[in-house]
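# Have a look at this prediction, sequence included:
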Amino acid sequence: MAASLKLAGVRALVDGALTAPTTIDIDDSAIAAIGRDGAARREIRADGLLALPGIVDLHGDAFERQMMPRPGVYFREDLALLDTDRQLVANGVTTAYHGLTWSWEPGLRGTERARAIADTLDRLRPRLACDTRLHLRWETYNLDAVPTVLDWLARGRIHLLAFNDHTPAMLRRAEDPVAVLKYVERAGVPVAQFQALLRDVGARAADVPGAIATLAAAARERGIPLASHDDKSPDMTRQFQALGCRLCEFPLTEDTARTGREGDGHVLMGAPNVVRGGSHLNLVSAASMVRAGLCDVLTSDYYYAALPRAPFQLAREDGRDVAGYWPLVSTNPARAAGLTDRGEIAPGQRADIVLLDATDSDGPFVVATIVAGRLVHHDRRHEAALPG
């Protein structure tokens, strides 16, 4: 039987290495064969392009900037999420976990906005080109949200749950006018009102550990991946590991990352950290962590375009080809999230593929993105003979 789609002339990442020019046959939404002769109902000539597994982004919150591009300036959630979807597939992202931060703060990260984003994402999902999921970044002092989070977990609305704990640091900066101004701009309330709210929230610290344990147990029961965030020490990571957190996001020290990688643990760092040559907060280097085997997953964090570039930058700096680094944004995050149907180019896997020109002088250029067998992005400026 003829394949529904054939990619021809591509160098594909298969079994950890780039092939000679070959073909990939796709039947409906899955990869049917690699290197098979025969006709297809539709063929894409992609001579000279790399065919790489689609990017799986476990932590991206750049969509917030589509909703609030300037302090206090809001756009509708549907407009922001639709525009974000275009950015994702244009950068080769085929599965995205939107990092929705739900805090006790009002404004951008408050309850009204969290509910609106989740509702809009549920409504828009059939229209989105990227397989878009919800990564709930729950602020651990947001105790009033616990019943709703439990409900969302029970309904399968949350696909990854992370425990954020920014409140103690905010309390330490409560009298710092520069730091408070940043929080106030995001919250949209007067300074004095925000400081009073922050103090009231901080007074509930004794109830936080119990709430964390309750939500962790509910997520474990439903097989939902759990993540800790900004772990400061190995002891902090071990405490979260005891609750079932296998994903350690942005650990602050190498020793902490080493603990996060123990057993079946995964350490997530930001691709922007790699592309910029270091952390924007002067913390640990993601590139150094990758080279030390302490980081196995790169995420977009706050900048989607860094994802396709970071593996190529690491490869160039190390004098190797990209095959050894692309799993940082494809296979590894898929497996870390419990997704076994994507992340590789292999028969039976979902046909999530990015076609990329690695010879472009400005860096890797995403020519086309295929999600579940559908061509969802094609940059027509490229000479590859993709269908019009």
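Okay, I see it.
# the domain parsing of the chain - what is it?
Using automatic domain parsing, the domain parsing of the chain gives 5-53+344-378, 55-336.
# So for the closest residue to residue 283 other than its chain neighbours, what's the pLDDT?
Excluding the flanking residues, the one nearest residue 283 by Cβ to Cβ, 6 or more residues apart in numbering is residue 252, at 5.9 Å. For every residue, glycine as well, the C-beta is placed using N, CA and C. With respect to pLDDT, residue 252 scores 96.
# what sits against residue 252?
By Cβ atoms under 8 Å, 6 or more residues apart in numbering, the residues touching residue 252 are 230-232, 283-284.
# Could I have the buried ones of these as PyMOL selection syntax?
To isolate the buried ones among the contacts of residue 252 in PyMOL, judged by 16 or more other Cβ atoms under 10 Å, type:
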select buried, resi 230+231+284
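# As a markdown table, the contacts of residue 252 with secondary structure, distance to residue 60 and pLDDT would be great.
Below are those laid out as a markdown table (DSSP: H, G, I helix; E, B strand; the rest coil; distance: Cβ to Cβ, whole Å; pLDDT from 0 to 100):
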| residue | secondary structure | distance to residue 60 | pLDDT |
| --- | --- | --- | --- |
| 230 | coil | 16 | 95 |
| 231 | coil | 20 | 96 |
| 232 | coil | 23 | 95 |
| 283 | coil | 19 | 84 |
| 284 | coil | 20 | 93 |
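# Same list as before, the contacts of residue 252 that is, but in TSV and with distance to residue 372 included.
Shown next, in TSV, are these (distance: Cβ to Cβ, whole Å):
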residue	distance to residue 372
230	34
231	34
232	40
283	36
284	36
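# Out of the contacts of residue 252, the closest to residue 259 would be?
Residue 259 lies nearest to residue 231 out of the contacts of residue 252, by Cβ to Cβ, at 8.1 Å.
# Skipping adjacent residues, who's closest to residue 328 in space?
With sequence-adjacent residues excluded and distances taken as Cβ to Cβ, 6+ apart, residue 328 is closest to residue 298, at 4.6 Å.
# Give me the distance between that neighbour and residue 278.
As defined by Cβ to Cβ, to the nearest Å, residue 298 lies at a distance of 14 Å from residue 278.
# the more surrounded of these two?
residue 298 (34 against 16; other Cβ atoms under 10 Å).
# my guess is the residue nearest to residue 283 is in a strand, correct?
No. Counting by DSSP: H, G, I helix; E, B strand; the rest coil, residue 252 is not part of a strand but coil.
# how close does it get to residue 266?
Here the criterion is Cβ to Cβ. By it, residue 252 lies 17 Å from residue 266.
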